[in-house]
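Novice: Generate a structure from the sequence data that follows.
(3 chains)
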Amino acid sequence: MGGQTGSPLARKQARLAWVFMAPTLVLLAAVGFWPLVQTVYLSFTETFTGSPEPPAWVGLANYTELLGERQFWRAMRNTVVFTVVSVSLEFVLGLCFALLVHTHFKGRGLMRAAMLIPWALPTVVAARMWGWMFNDVFGVVNDLLVGKLGILPEPVAWTATPGFAMASVILVDVWKTTPFVALLLLAGLQLISGELYEAAEVDGASAWQRFLTITLPLLKPAILVALIFRTLDALRVFDVIWVMTRGQAGTESAATYTYRSLIEYNRLGYGSALSVAIFFLIALFVIFYVYALRVDEEDRT
Amino acid sequence: MIRSNSGSGPFCGGMFWRGVVLVFGLAAATGCGREEETEPVLRFMTDSVGRQLEITREMAAEFEEEHGVRVEFRIGPESATERLSQYLRSFSARSSDLDVYQIDVIWPGILAQHLEDLSGAVEAEDFFTPMIENNVVDGRLVAVPFYADAGLLYYRTDLLEKYGFDGPPGTWDELTEMALAIQQGEREEGNSSFWGYVFQGAAYEGLTCNALEWQAAEGGGAIVSSAGEVEVNTDGARRAFARAAAWLGQISPRGVTTYQEEEARTVFQSGNAAFMRNWPYAYQLGEAEDSPIRGLFSVARLPDGEAKSVSTLGGWGLAVSSYSRHPELAREFVAFLSTRAAQRERAVRGGYFATRPDVYGDTELEEVLPWYDEMQEVFENAVARPSSVTGRRYNEVSGIYYQAVHRIISGQAEPEAELSDAQQRIERIVR
Amino acid sequence: MRTRHSPAVRVAFYVFLLVALVYTVFPFYWAVNTSLMSRGDLMSVPPVYFPTEPTVESYRNVMESRLFLLALRNSAIVAGGATLLALAAGSLAACALGRFRFRGRRWMLYLVLSMTMFPQIAIVGSLYSMVVRAGLYNTHLALILTYLLTILPFTVWVLSNFFKTLPKELEESAYVDGASPFQAFWRILLPLSAPGLVTTGLLAFITSWNEYLFALSFTQDEAARTVPVVVAEFRGITEFEIPWGEIMAGGVIATGPLILLVILFQRRIVSGLTAGAVKG
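Specialist: Residues are numbered from 1 along each chain as shown, chains lettered A, B, ... in the order given. Predicted coordinates for the structure are as follows:
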């Protein structure tokens, strides 16, 4: 088990652990440390991009400003709604996709490649194309639903109408990132030994029971990673929303709001404070996942 | 610089070495700098596209020969916001990588402190006064007007005739009536996706341009006056935006609140709108051989409000970076591209609008664009966005403004409350 | 799962397969459709589902651009370099985090994760000045190193999970034979984690291949500009015009190599532990 910390092998491993960690820590620190410190520092100052004057220390002024902004809270709420809905959908769909291409059928290889297409298409291209597809007058979505299939009585201004706009950006995000989840879960499925299923089958467990008692529990580590990294990205969602709605019609996210302050208005201080707020929002979610799924238990038997 | 492009073997070794170097902050020593330049190189960050780029390149070749330099063109991102933030990043780092920048008319205030004074390089009197004033910050001419743009009204000549109208609408109220009449007629004939009027209604800088035209035409001020008075919650503005809000669903598609230039053009050029507000660029594309509306449309100045007809001034200027290694050459290059001859050539060959009055009134230009000369009057009466007076906070002012207008026209807020809120927020910034 | 299913289940299976396929592929089909349209088709309302006069002009325009071809090369170098470096450093760290017991292990996991928790736009300014000061502006290395910020934490997390799941007995026999922990890692863990390595590598590669903001900010010309930036710089003939055909053609071309990679590597994803039990 290697559980006894006193054994020579365990001591050796504990020492070696830091050697193994070193390249990663050095690389991350070299690239990431300074920008992180800088962002936190700037969040306590008032300064503008390209300004020759040094940043002026303003203490917590940026934080009190953002906490008092209605727009900030709206953006935070939208971001959480977006994240919860899109990550849930991505998880369910991704799991379905993973199970699907995990089974044997003709053309499985092709299906695996096809499944990954949305993730592979560059975001700059995909987001623009979806914006065009959702156009109320010349977009293909309205043409399909109204003209070809007759499901809707009249064209909908998808990206301009509150409610629909959020649904549209979620649909695009789910389309784009489900493959990411599916691939991670597919890899996780490979770690589950086929013998377990065979044994369960002998015991007369139904497919659903096997899924609940074998697949899901054993997939938990892969699920956690997929959820954490998807959530991380969803909480910082920017491109899709910016291109399709520019944060209007109830779709302003924390990141589009930050982009406005940081890039459009060049307010480095305020924008950095917003970034720190997003950091903490992400941290909250990570803590929640780790506790809810209880994955990182020290001892496994 | 990494030159190996085959395999990853040799590349990996170098990469690790460089990684180590970066970690210890000694990278500057590894010869990453540019090789020794034999002849001076001017790097020109331009936004020019297609024909204009071609013409400017040819002119640059002439300049290269005359001055013994090399001019390198850089294109930069299409999005103006990204472009500006890229400029600012390189200015913050005092980078001498670029010498001449093409800058949007709303950027002089934001970029002024990084730009050379070009007063000596050109004669200010040669250019349209509003355009020069737009580029003067604290008494320094930070950019020379390169070419100009202004909002125009595009209309379908065939449909106007079909529904018995003699000419383009004189006032915004007339436009509303005409658009409604044509739209009803066309829909009865079976085109259910036909609309009366399209414009740029997305929440972006283009909406600031549209909305400023509406409110200025009503005598409702110019967002911030040159004296620094905030003019957002005015009678004219409230009237103008209430009218625009009524257009939605009536003569303009609801989705127009997500339209930028190209969405509006697509609806109009595919033959699905009677009127469109857009920049001059849409004319040539509408007249292209495969355009469904070729020969069926024309342009006019924008309709009058209670006060007058107003177009928002757009366009670009040429600026020289303070961190340039060849400021003198760069100034000469800007002057060279700004002469009457140079501007005339771009006008004749590319249809671009000159920033100098002395280019106008030329019969040869009438052949290029029948309405070229009429633009002189439009430019003289154009309204500039308040970018010089608001300086580096312009984008924020404009952002508050267009978001407020956007909420009003999309029916999410009442003009009164929304404008008074926007007025206060902008006042806090300007002060 | 090779039981015989009832016809109803099999029909449901294929219906789901079809819907999944349409949902994922239709938008890509639309990109291909748009890339083959003439300018007249682009301006058509209602939209055309097949180009009326298909033309490869957009592709020709894109492929004739030297900048685009060099961008493909740059993207390959940058994404490849970043992925290899992330896998090399990340698998070592993952081995420590997934297999070894040491103080601060949990904190290390979260520390690594925290490096990727700021919005990229927040750190791009400071990164830019670092890149310039290090003399790395407009080089591949600038992108390779900064991409690590996104893909290295990801690699570490996914792989440490993988390593943790592998049965302990596997390397114990190696230890009994006197192997060092590094040898156990190199000879036993790594080969067994092929599905994890391939999956992580693919996802990291695609993420880097499509990255936009850093590539836009840290490069300026053909020496290092990558595909997404070049595609975003495509312009029409006149100001404001968006060249839809070229942008879509560029997107389709950029997607090609990735799909090829997936087809090449997808068999490796299912060749881990179960390789013996299930036919690949």
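Novice: going forward, measure contacts between C-alpha atoms and count neighbours the same way
Specialist: Noted.
Novice: can you map out the helices along the stretch 151-280 of chain C?
Specialist: Using DSSP state H, counting those that start in this stretch, the helices of the stretch 151-280 of chain C run over C:169-176, C:181-184, C:190-192, C:194-210, C:213-218, C:227-232, C:244-269.
Novice: and these as TSV, adding distance to residue A:39 and mean neighbour count?
Specialist: Formatted as TSV, these follow (distance: least, C-alpha to C-alpha, whole Å; neighbours: other C-alpha atoms under 10 Å in any protein chain shown):
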stretch	distance to residue A:39	mean neighbour count
helix C:169-176	43	14
helix C:181-184	38	17
helix C:190-192	37	17
helix C:194-210	23	24
helix C:213-218	17	23
helix C:227-232	25	25
helix C:244-269	33	21
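Novice: Could I get those helices in a markdown table, plus columns for distance to residue B:263 and mean pLDDT?
Specialist: Converted to a markdown table, the helices of the stretch 151-280 of chain C look like this (distance: least, C-alpha to C-alpha, whole Å; pLDDT from 0 to 100):
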| stretch | distance to residue B:263 | mean pLDDT |
| --- | --- | --- |
| helix C:169-176 | 61 | 79 |
| helix C:181-184 | 59 | 82 |
| helix C:190-192 | 52 | 84 |
| helix C:194-210 | 26 | 92 |
| helix C:213-218 | 25 | 92 |
| helix C:227-232 | 17 | 91 |
| helix C:244-269 | 12 | 89 |
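Novice: can I get those in TSV with distance to chain B?
Specialist: Putting those into TSV (distance: least, C-alpha to the nearest C-alpha, whole Å) gives the following:
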stretch	distance to chain B
helix C:169-176	30
helix C:181-184	20
helix C:190-192	20
helix C:194-210	14
helix C:213-218	7
helix C:227-232	7
helix C:244-269	10
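Novice: Rebuild those helices as CSV, extending it with distance to residue A:170.
Specialist: Conversion of the helices of the stretch 151-280 of chain C to CSV gives the following (distance: least, C-alpha to C-alpha, whole Å):
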stretch, distance to residue A:170
helix C:169-176, 43
helix C:181-184, 45
helix C:190-192, 37
helix C:194-210, 20
helix C:213-218, 22
helix C:227-232, 23
helix C:244-269, 22
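Novice: Among these, which comes closest to residue B:230?
Specialist: Of all the helices of the stretch 151-280 of chain C, the one in closest proximity to residue B:230, counting by C-alpha to C-alpha, is helix C:213-218 (35.3 Å).
Novice: Grab the most central residue of the chain for me.
Specialist: Using chain A here. Taking C-alpha atoms, centre = their mean, the centroid of chain A lies closest to residue A:230, which sits 2.4 Å from it.
Novice: um, chain C though
Specialist: So for chain C, C-alpha atoms, centre = their mean, it's residue C:206, sitting 1.5 Å from the centre.
Novice: Is the residue nearest to the centre of chain A in contact with residue A:87, as I believe?
Specialist: Yes - counting by C-alpha atoms under 8 Å, residue A:87 is a contact partner of residue A:230 at 6.6 Å.
Novice: Show me what the strand or helix carrying residue C:32 is packed up against.
Specialist: For residue C:32, the host element (DSSP states H and E) is helix C:7-35. Where contact means 3 or more C-alpha pairs under 8 Å, 6 or more residues apart in numbering or on different chains; DSSP states H and E, helix C:7-35 is packed against helix A:108-120, helix C:244-269.
Novice: which helix of the chain spans the most residues?
Specialist: Let's take chain A. helix A:70-102 (DSSP state H).
Novice: The intended chain is chain C.
Specialist: Taking DSSP H as the criterion, chain C has its longest helix at helix C:66-99.
Novice: Next secondary structure element downstream of that one?
Specialist: With elements assigned by DSSP H and E, the helix or strand that comes after helix C:66-99 is helix C:105-114.
Novice: CA-only coordinates of that following helix in CSV, if you can.
Specialist: Output of helix C:105-114 as CSV, limited to C-alpha atoms (Å, rounded to 0.1, in the frame of the first residue of the first chain):
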residue,chain,number,x,y,z
ARG,C,105,0.1,17.4,-2.0
ARG,C,106,-3.5,18.8,-1.9
TRP,C,107,-2.3,22.4,-1.7
MET,C,108,-0.1,21.8,-4.7
LEU,C,109,-3.1,20.6,-6.7
TYR,C,110,-5.0,23.8,-5.9
LEU,C,111,-2.0,26.0,-6.4
VAL,C,112,-1.5,24.7,-9.9
LEU,C,113,-5.2,25.1,-10.6
SER,C,114,-5.2,28.7,-9.2
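Novice: where does that helix sit relative to the chain's centre, distance-wise?
Specialist: Relative to the mean C-alpha coordinate of its chain, helix C:105-114 is positioned 23 Å out (C-alpha atoms, centre = their mean, to the nearest Å).
Novice: now the closest residue to chain B within the stretch 151-280 of chain C, nearest residue through space, not along the chain?
Specialist: Residue of the stretch 151-280 of chain C nearest chain B, by C-alpha to the nearest C-alpha: residue C:237 (4.2 Å). With sequence-adjacent residues excluded and distances taken as C-alpha to C-alpha, 6 or more residues apart in numbering or on different chains, residue C:237 is closest to residue B:50, at 4.2 Å.
Novice: burial count for the one you found?
Specialist: Counted with other C-alpha atoms under 10 Å in any protein chain shown, the neighbours of residue B:50 add up to 13.
Novice: thought it was touching residue C:235?
Specialist: Yes - the criterion here is C-alpha under 8 Å, and residue B:50 meets it with residue C:235 at 7.4 Å.
Novice: for chain B, which spans come out with low pLDDT?
Specialist: Chain B contains residues with pLDDT under 70 at B:1-37.
Novice: so which residue of it comes closest to chain C?
Specialist: Closest approach between chain B and chain C, counting by C-alpha to the nearest C-alpha: residue B:50, at 4.2 Å.
Novice: Can you give me the distance of that residue to residue C:241?
Specialist: 10 Å (C-alpha to C-alpha, to the nearest Å).
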